[in-house]
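Participant: Model the following, please.
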Amino acid sequence: MTSPSLPWSRRSFLATSAAVGAAFTVGTPGPAAAAADASSAVDDEFAALRAKWRALYLGEGFSPTAEPFKSKLAALGTQAKAWQDAMAPATGSLWPDAAFGDPDPDTDTESYGYSEKIQTSYERVRSMAEAFCQPGTGLTGDASLRTAVLAAVDHLGAQVYNKTQKQYGNWYNFQIGAPQRLLDICVLMYEHLSAAQLTAAIEAVDHFVPDSLVASYSGTSTGANRIDLCRVLALRGVLDGTAAKIALARDAVSPVFPYVTSGDGLYADGSLIQHTYVPYTGSYGAVLIDGLGKLFALLGGSTWAITDSRRQIFLDSVEAAYAPFLHDGLVMDNVAGRAISRGLVATDTLKVQQDDHSRGHGIIASVLLLGQGASAEENARWRALAKGWFTRDRYNDVTSGRTLGVAALSRVTALLGDTGVKAAAEPTGHRMFPSMARATHRTNRFTASVSMSSKAITFYENGNGENIRGWHTGSGMLYWWAAGDSAGGGQYSDGFWPTVDPYRLPGTTVSRKALADGEGGTWGAARPDTTWVGGTTDGAFAAVAQDTRGLSSTLRARKAWFFLDDAVVCLGAGITGTDGAGVESVVDTRNLGASGTARLTVDGRTRATALGSKSTVQGALWAHLDGHAGYVFPGGAALTALREERTATWKSINGGGSDDPVTRRYVTLLADHGTDPAGASYAYLLLPGASEARTAARAADRGWAGITANSAAQQGVRVPSLGLTSAVFWEPGTAGPVTVDAPLIVQIREQRDGTATVCVSDPNRAVKAATLVWRRPVASVISKPGSVTGAAVGRELKLTFGDLGGTGGQTQKVTVKLA
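Facilitator: Numbers count the residues shown, from 1 in each chain. Presented below is the predicted three-dimensional model:
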């Protein structure tokens, strides 16, 4: 893309004058000429950076007459024209529906609403500028649109975003939201802005985003927010050729790279936290990878390239932190914080449905951009993964153009059209993320993830009126997707969050005690008083556990999940409560869509057929929901089944959401523990994607899995066909053939080659010494970590461990040769 013609800055004028003077000098060029050449070269570099940002923002290499670009560009033009026609500059507003003038400016909720409209106004103006610059909009180069954009910039500058205005409402709108959009506008319209307009924009940005905001890596200047601030500083420097600002932006990126051990940032185990207590790979993490990808691309190859060797830590996070939560185009909701409550949201061109797929598409597109600054090997792997994620997405086809802007879409369509890139399958295996109380599991049959909470990780996040009923999302919610499931990966995408019963989220154990909207406080303040959460894994199977506490409730429960090849064994024990309310463990809640009629059978008989029906079966051995899953209840269980149609609005869970009604149908299976239970329990196997026949066969095969313990002290399972023995030791004791003298999670897996792996973790991160005995003949120890201080073999295996408190809750793996 060619650079635009540029207005003469003072530096350009002086450099050109010097060069012209030198042209009349006979003989060897003097110092003045050399200085002029150097200055001109620097100016050329700033111009190149502006051109590069235009290309990053507008996209390149696409045909404006080919779909989906043709339709997207036409829609952009239509929206820009509507906003242009609706502009009505007045005191305190540019559009009547976006008043930013606050009659009583402070930092209360009302002021947040006013400051948000500053960002909204700049967003609209930026879309108008994009419509002016993009081909195929019907407004490309339109003189009246150009006049409107410039007038809008002047009005917003005079009214609210200027060097004398005091900040009010939400700091984000003034320091990130508004300046990012203003600077984008200035780069896009650079050749049309006067020197006075550029100066006003620069002075406003300097006023609200001073260098001091990145002087310390703390407060709101961490993680994704820090990268957003660096983008502002970099573009501000690019805009008027201030090298020091670009250098500051480059240097201020560096604190984001190192692993952290508390608070915001990326952890060595792949966890990504924002707002101190919130797992945020899928939302703030999306901003982080997008921002870094763009900064790497913008500054790469320039004087200010980001060369800090620690950047490799972030590049490694693509596969260590992001990929585990990406599945067939979506990013899992359990790492999206309050973003799960957003329904229809405004983009640059139109309103689209925001969900796990749209968020996932954005992250994957950012991976493609980041790859341009990675090694050739990394880029090739990431492109193959991205192609796989996109081509397997049957719920939201990325080529429809609904989820991405033109620039990102241009990169994605180029990838999909590259026959040299073969789509990669998702890697199978299990990943634990102890630092954010999450786990992901993949086999050829299904993908799953569980969300937990602790003193360090919030039950849920709400803030700015968003996600006000996400109370129980951290209480053991189990997400799963079966290979080729009937919902096409849309189980939690299709109107799920406003319509699901928030007290009956799948996998959770909760009190039915009524909770207030936003219960427990904002920004992750609500956290249980426990540290017992985590798991152990050999990379394929896993044992995971949570000491569950109720939000604003007396509820207590010990919950464990054993993730296997075609099943998850789910155990619960010690379930108690004194709220005077009912307590339920939700076996599953499945979204059937707007008109689904999936058949439910319990022990082969059809149950809960009509909407609004409820069926309770005593001694149920198995259940099956057609097109979804099978459920097996070892020894039989009292099972309650509900079929209902639920109607709600996005506004009911997010103050900024649509008030259009959304209706979805659900089948819910649950164990009803009654009011104020004492020591209740449950046990079941989840078989994602299983047929009715496979479910019935598994229930009939009573020797397939044996429950070795299910109490508040120990929970365990043995699966002989898999060579698996797993147990959660809440207290020292015995479960099956394993005895320990400390609170640990243990998984032992015997292999066909005559070896076995013994995996141990300390979820509390507090065990100073421990002994494990496995009553199984063992010939020798092949390998062990440094945490193992002693090993005795023979008729049984005895392992002694030293201090496990510093292991971060991660798996300690021992490999032995069986006798």
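
Participant: Secondary structure class of the residue nearest the centre of the chain, three-state.
Facilitator: Centroid-nearest residue in the chain: Gly282, 0.9 Å away (criterion: C-alpha atoms, centre = their mean). Following DSSP: H, G, I helix; E, B strand; the rest coil, we place Gly282 in the coil state.

Participant: wait, doesn't it sit right on Asp333?
Facilitator: Yes - using C-beta atoms under 8 Å, Gly282 is in contact with Asp333, at 7.2 Å. To be clear about C-beta, it is placed using only N, CA and C from the backbone, and glycine gets the same treatment.

Participant: who touches both of those two?
Facilitator: Common neighbours of Gly282 and Asp333 are listed as Asp356 (criterion: C-beta atoms under 8 Å, 6 or more residues apart in numbering).

Participant: pLDDT wise, what is the closest residue to Ala742 other than its chain neighbours at?
Facilitator: Distances taken as C-beta to C-beta, 6 or more residues apart in numbering place Ala770 nearest to Ala742, at 3.8 Å, with adjacent residues excluded. Predicted confidence (pLDDT) for Ala770: 98.

Participant: quick one: contacts for Ala770?
Facilitator: For Ala770, the contact set (C-beta under 8 Å, 6+ apart) comprises 740-742, 744, 760, 762, 800-801, 804.

Participant: Phi, psi for it please.
Facilitator: Main-chain torsions, Ala770, degrees, to the nearest 10: phi -150, psi 150.

Participant: what's the answer for Asn225, then?
Facilitator: phi -60, psi -40.

Participant: Give the burial count for it, as a bare number.
Facilitator: 24 (other C-beta atoms under 10 Å).

Participant: which sections of this protein are below the confidence cut-off?
Facilitator: 1-42, 344-352, 486-487 (pLDDT under 70).

Participant: now do 50
Facilitator: Low-confidence segments of the chain (pLDDT under 50): 1-36, 346-350.

Participant: Which single strand of it contains the most residues?
Facilitator: Using DSSP state E, we find that the single longest strand of the chain is strand 629-648.

Participant: what helices or strands is that strand leaning on?
Facilitator: With contacts defined as 3 or more C-beta pairs under 8 Å, 6 or more residues apart in numbering; DSSP states H and E, strand 629-648 has these neighbours: helix 496-499, strand 582-593, strand 600-602, strand 613-625, strand 662-675, strand 680-688, helix 692-700.

Participant: can you redo these as a markdown table with distance to Ala148?
Facilitator: Formatted as a markdown table, the helices and strands packed on strand 629-648 follow (distance: least, C-beta to C-beta, whole Å):
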| stretch | distance to Ala148 |
| --- | --- |
| helix 496-499 | 37 |
| strand 582-593 | 43 |
| strand 600-602 | 57 |
| strand 613-625 | 55 |
| strand 662-675 | 36 |
| strand 680-688 | 53 |
| helix 692-700 | 62 |
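
Participant: just so I know, which of those lies nearest Ser341?
Facilitator: Comparison of these against Ser341 by C-beta to C-beta identifies helix 496-499 as nearest, at 5.9 Å.

Participant: in that closest one, what counts as buried?
Facilitator: For helix 496-499, burial by neighbour count (16 or more other C-beta atoms under 10 Å) applies to 496-499.

Participant: go on, stretch 53-71?
Facilitator: 53-59, 62, 68-69.

Participant: Kindly check the end-to-end length of it for me.
Facilitator: End-to-end distance of stretch 53-71: 24 Å, with C-alpha to C-alpha, to the nearest Å as the criterion.

Participant: Could you do stretch 437-448 as well?
Facilitator: For stretch 437-448, the end-to-end distance is 14 Å (C-alpha to C-alpha).

Participant: now it, how far from the centre of its chain.
Facilitator: The chain centre lies 16 Å from the centre of stretch 437-448; the measure is C-alpha atoms, centre = their mean, to the nearest Å.

Participant: for stretch 706-724, same thing?
Facilitator: With C-alpha atoms, centre = their mean, you get 33 Å for stretch 706-724.

Participant: How about residues contacting it?
Facilitator: For stretch 706-724, the surrounding residues in contact (C-beta under 8 Å, 6+ apart) are 541, 545, 558, 560, 562, 564-565, 569, 571-574, 634, 679, 681, 683, 703-705, 725-731, 733-736, 738, 747-752, 756.

Participant: What residues of stretch 422-438 count as buried?
Facilitator: Buried, per 16+ other C-beta under 10 Å, within stretch 422-438: 423-424, 426, 429-438.

Participant: One more: stretch 571-588?
Facilitator: For stretch 571-588, by 16+ other C-beta under 10 Å, it's 571-577, 579, 581-588.

Participant: again, but for stretch 616-628
Facilitator: 617, 620-625, 627-628.

Participant: so how far is it off the chain centroid?
Facilitator: That offset, for stretch 616-628, works out to 33 Å (C-alpha atoms, centre = their mean).

Participant: Please apply the same query to stretch 638-646.
Facilitator: Using C-alpha atoms, centre = their mean, the offset of stretch 638-646 from its chain centre is 31 Å.

Participant: Quick one: residues in contact with it.
Facilitator: 499-501, 587, 600, 602, 607-620, 623, 633, 663-672.

Participant: Of those, grab the buried ones for PyMOL.
Facilitator: Here is the PyMOL command that selects the buried residues among the contacts of stretch 638-646 (16+ other C-beta under 10 Å):
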select buried, resi 499+500+587+600+602+607+608+615+617+620+623+633+664+665+666+667+668+669+670+671+672
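
Participant: State the number of residues packed around the closest residue to Ser454 other than its chain neighbours.
Facilitator: Spatially, and ignoring its direct neighbours in sequence, Ser454 is nearest to Val533 (4.4 Å; C-beta to C-beta, 6+ apart). When neighbours are defined as other C-beta under 10 Å, Val533 has 26 of them.

Participant: dump the residue contacts of the residue nearest to Gly593 when sequence neighbours are not counted.
Facilitator: Of all residues not flanking Gly593 in the chain, Asp494 sits nearest, at 5.8 Å (C-beta to C-beta, 6+ apart). Asp494 is in contact with 355, 395, 487, 591, 593-594, 664, counting by C-beta under 8 Å, 6+ apart.

Participant: what about Asp494, distance to Tyr479?
Facilitator: Distance of Asp494 to Tyr479, given as C-beta to C-beta, to the nearest Å: 14 Å.

Participant: try Gly627
Facilitator: Where Tyr479 is concerned, Gly627 sits at a distance of 17 Å (C-beta to C-beta).

Participant: if I look at Ala82, how far off is Leu799?
Facilitator: From Ala82 over to Leu799 (counting by C-beta to C-beta), the distance is 69 Å.

Participant: Of those two, give the one with the bigger neighbour count.
Facilitator: Neighbour count, other C-beta under 10 Å: between Ala82 and Leu799, Leu799 has more, with 26 against 11.

Participant: Buried ones in the helix or strand encompassing the more buried one, by neighbour count?
Facilitator: Assigned by DSSP states H and E, Leu799 falls within strand 797-801. Going by neighbour count (16+ other C-beta under 10 Å), the buried part of strand 797-801 is 797-799, 801.

Participant: could those go into a markdown table alongside distance to Pro103?
Facilitator: Listed next are those as a markdown table, based on distance: C-beta to C-beta, whole Å:
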| residue | distance to Pro103 |
| --- | --- |
| Leu797 | 74 |
| Lys798 | 74 |
| Leu799 | 69 |
| Phe801 | 64 |
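
Participant: nearest to Gly360, of those?
Facilitator: Phe801 (39.3 Å).

Participant: Would you confirm that Ala424 contacts Ala384?
Facilitator: Yes - the pair Ala424 / Ala384 is scored as a contact, 3.8 Å apart, by C-beta under 8 Å.

Participant: Number of residues surrounding Gly593?
Facilitator: 17.

Participant: Hmm, Arg665 and it touching each other?
Facilitator: Yes - at 6.7 Å, Gly593 and Arg665 qualify as touching, with contact defined as C-beta under 8 Å.

Participant: Tell me the strands beside the longest strand of the chain, with direction?
Facilitator: Here strand 629-648 has these sheet partners by DSSP bridges: strand 613-625 (antiparallel), strand 662-675 (antiparallel), strand 680-688 (antiparallel).
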